[in-house]
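Engineer: what's the 3D shape of this:
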Amino acid sequence: GKLIPLPFISRGKNNVKDFFQTGLISSNNISITQSNEKGAFRASASHIYQKGIVPNTDLNNSSFNVSGNYKLSDAFTIDARLNYNRQFTKNFPETGYGPTNYLYNLVLWTGPDVSVQDLRNYWVPGKEGIQQRNYNLSYYNNPFFQAYEYLRGYDKDNTFGSLNMNYKISPAFSVQFRNGVNSYGLNRTYKEPKSYIGYGNKSRRQFTVATGNYIDLVTDLIGDYNHTFTDKFKLHAQVGAANYYRNNKYGSTNTDGLTIPGFYNLSNSASPIQGTNFIEERRTSSVYAVLDLEFLNAIYLTGTGRNDIISTLPTANNSFFYPSVSSSVIVSQLTKLPNWFTYLKARASWSRVSSATLNDNDYTYGYLPSFDKGTIWNSTPSLTFGGALLSRNLTPQTSDSWEVGLDTKFFKNRLNVEATYYQTRDFNNIVSIPISVGSGYTSQLANGNVYQRKGLEFVVSGTVLKSSSFQWNMAVNLSKYRRYLKEIYG
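Structural biologist: Alright, predicted model coming up:
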């Protein structure tokens, strides 16, 4: 075409206003409730429609909920609930930094000399379906072309359910069974037209279908004993067993170009379709106990213990125990202090925790040596093997922590001082040791390196001024933290 000189004026000063539209939200809900002295029941349904501020975008959100509880006898009660939610759209706007963000294009990269109103007809005449029309065809997309042709759709299903049964064997002892489920499914489609630009890369047309599904199942069986023997001695104990299971699946398939423009179907791929998929399963089985003791309304002692068997660790080391103990003594309850000394409590605790994965990697099969997808050369696929040599004797990272502290209050709680000192020992850390590449690996993972963390914290707070109509409180926090390398592998 012929270049026509134009005066340099601010044609696009209203680009944001000229492109975005007024959004709309419509909400409808209906619910039914019934209750009596033995229980209650509720059911509800709702639908929310949202018209987006970006042209050609919307979102539908439908939900259904049913819940109820019933007292089957004086000792046995049951509570159940189920929630279902479905979201679906043919196109929604992407956010974040990058060419898919409309504000990124309009505000950051579209000059004020360009009017977005001149871009409403987004196809080059005579090249409809092939070439978008824009002021720049190297790096940026016409926003109307992106809104009406670069389509991102999805439908998502969520189901949450729980069942809770409680049986009271005696006034002090009860047994509870809890079961919960969380199910999630997401199906997405990506329709990428020819001439769409992503950071300088021009599309040959593309269609992608992606699915992701997971289900979580959680079950608990708990025995609870809570009894006040006298006004100076109370006991609360719990024992329980728990099981957690997750099944996670993902798959994605895409064309390699499209033969027929605008026909978004995997069978329309110009070259063999490409895809990937995975499945993950993990389980944690646990037993645990808690014991709380109270003496003289001033001395408190708590002990806990939990043993987990986790599928994300090597079978030789996938069972470990978490103990903890804590105690506090309210000295001001046991002895008389000066009038200006209102409150004094001493406290101390110790605990051990372990990671459920190796090297802070939450991938389910991270402890297993395995193959990964490699480079495809001349339509011939390949696999690669991990460069790290894994040991069957690897154990999870573990931390032992303890702390002591004092809590004090003075002058009828006008001045408060808290002091805490703590230490943590981190051991069995996973370290990567370089080894000769002649072995077929580049590194070996091993347990090693011990760190010590220690710190001191002071908190001073109080009421500076106080009257019937005004109160001024202040607080100051001072802390010190250090981390030391105490032992090195080898």
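
Engineer: helices of this structure, residue ranges please.
Structural biologist: 15-19, 102-103, 143-149, 331-334 (DSSP state H).

Engineer: and the second one, what does it pack against?
Structural biologist: This means helix 102-103. With contacts taken as 3 or more Cβ pairs under 8 Å, 6 or more residues apart in numbering; DSSP states H and E, helix 102-103 sits against helix 143-149. C-betas here are computed from N, CA, C, even on glycine.

Engineer: ok, now how distant is the residue found closest to N134 once you drop the neighbours it is linked to in the chain from T463?
Structural biologist: Spatially, and ignoring its direct neighbours in sequence, N134 is nearest to N142 (4.1 Å; Cβ to Cβ, 6 or more residues apart in numbering). According to Cβ to Cβ, to the nearest Å, N142 and T463 sit 62 Å apart.

Engineer: what about the two, which has more around it?
Structural biologist: N142 (27 against 15; other Cβ atoms under 10 Å).

Engineer: residues contacting that one?
Structural biologist: For N142, the contact set (Cβ atoms under 8 Å, 6 or more residues apart in numbering) comprises 119, 122, 132-134.

Engineer: for these, work out which two are farthest apart.
Structural biologist: Farthest pair in the contacts of N142 (Cβ to Cβ) is L119 and Q132. Separation: 9.3 Å.

Engineer: more neighbours, the two?
Structural biologist: Legend: neighbour count by other Cβ under 10 Å for L119 and Q132, higher for Q132 (24 against 21).

Engineer: reformat the contacts of N142 as TSV; add pLDDT.
Structural biologist: Converted to TSV, the contacts of N142 look like this (pLDDT from 0 to 100):
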residue	pLDDT
L119	92
Y122	94
Q132	92
R133	92
N134	90
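
Engineer: filter these down to just the ones in strands.
Structural biologist: Using DSSP state E, no member of those falls in strands.

Engineer: how far away is G111 from K2?
Structural biologist: On the measure of Cβ to Cβ, G111 and K2 end up 22 Å apart.

Engineer: of those two, who's got more company?
Structural biologist: G111 (12 against 3).

Engineer: quick one: contacts for the more buried one?
Structural biologist: 12, 135.

Engineer: start the count at 50, not 1, going forward
Structural biologist: Got it, the first residue is 50 from now on, which makes the last one we talked about G160.

Engineer: any idea how far H285 is from G504?
Structural biologist: From H285 to G504 the distance is 31 Å (Cβ to Cβ).

Engineer: make that Y188, sorry
Structural biologist: 50 Å.

Engineer: then A124?
Structural biologist: Taken as Cβ to Cβ, the span from A124 to G504 is 49 Å.

Engineer: so the two - more neighbours on which side?
Structural biologist: Neighbour count, other Cβ under 10 Å: between A124 and G504, G504 has more, with 15 against 12.

Engineer: how about the nearest residue to that one, chain neighbours excluded?
Structural biologist: Y530 (4.1 Å).

Engineer: next: Y414.
Structural biologist: The nearest residue in space to Y414 (Cβ to Cβ, 6+ apart) is E329, at 7.3 Å.

Engineer: equivalent analysis for N275, please.
Structural biologist: Closest to N275 by Cβ to Cβ, 6+ apart is H285, at 4.7 Å.

Engineer: residues in contact with the one you found?
Structural biologist: 273-276, 339-341.

Engineer: which pair in those residues spans the largest distance?
Structural biologist: H276 and V339 (14.6 Å).

Engineer: who's more crowded, those two?
Structural biologist: When H276 and V339 are compared for neighbours, V339 comes out ahead with 17 against 13, by other Cβ under 10 Å.

Engineer: wait, isn't the more buried one in contact with A286?
Structural biologist: Yes. The pair V339 and A286 passes the contact test of Cβ atoms under 8 Å, sitting 6.8 Å apart.

Engineer: returning to that earlier point: what is in contact with L168 and Q181 at once?
Structural biologist: Counting by Cβ under 8 Å, 6+ apart, the contacts common to L168 and Q181 are 191, 194.

Engineer: for V258, give the beta-bridge partners.
Structural biologist: Note on V258: beta-bridge partners by DSSP bridges are T238, T302.

Engineer: pLDDT wise, what is it at?
Structural biologist: Model confidence at V258, given as pLDDT, is 97.

Engineer: same question for S431.
Structural biologist: Value for S431, per-residue pLDDT: 85.

Engineer: any idea how many residues pack against it?
Structural biologist: Neighbour number of S431 under other Cβ under 10 Å is 10.

Engineer: one more: I482?
Structural biologist: I482: 13 neighbours (other Cβ under 10 Å).

Engineer: skipping adjacent residues, who's closest to it in space?
Structural biologist: Using Cβ to Cβ, 6+ apart, the nearest residue to I482 is Q493, at 4.7 Å.

Engineer: could you do P321 as well?
Structural biologist: D305 (6.5 Å).

Engineer: quick one: that neighbour and S318 touch, right?
Structural biologist: Yes. At 5.6 Å, D305 counts as touching S318 under the criterion of Cβ under 8 Å.

Engineer: any buried residues in stretch 495-508, and which?
Structural biologist: By 16 or more other Cβ atoms under 10 Å, the buried positions in stretch 495-508 come out as 495-499, 506.

Engineer: one step back: bridged to the residue nearest to Y414, which residues?
Structural biologist: On the basis of DSSP bridges, E329 is bridged to N297.

Engineer: against G504, how distant is it?
Structural biologist: Distance from E329 to G504, by Cβ to Cβ: 37 Å.
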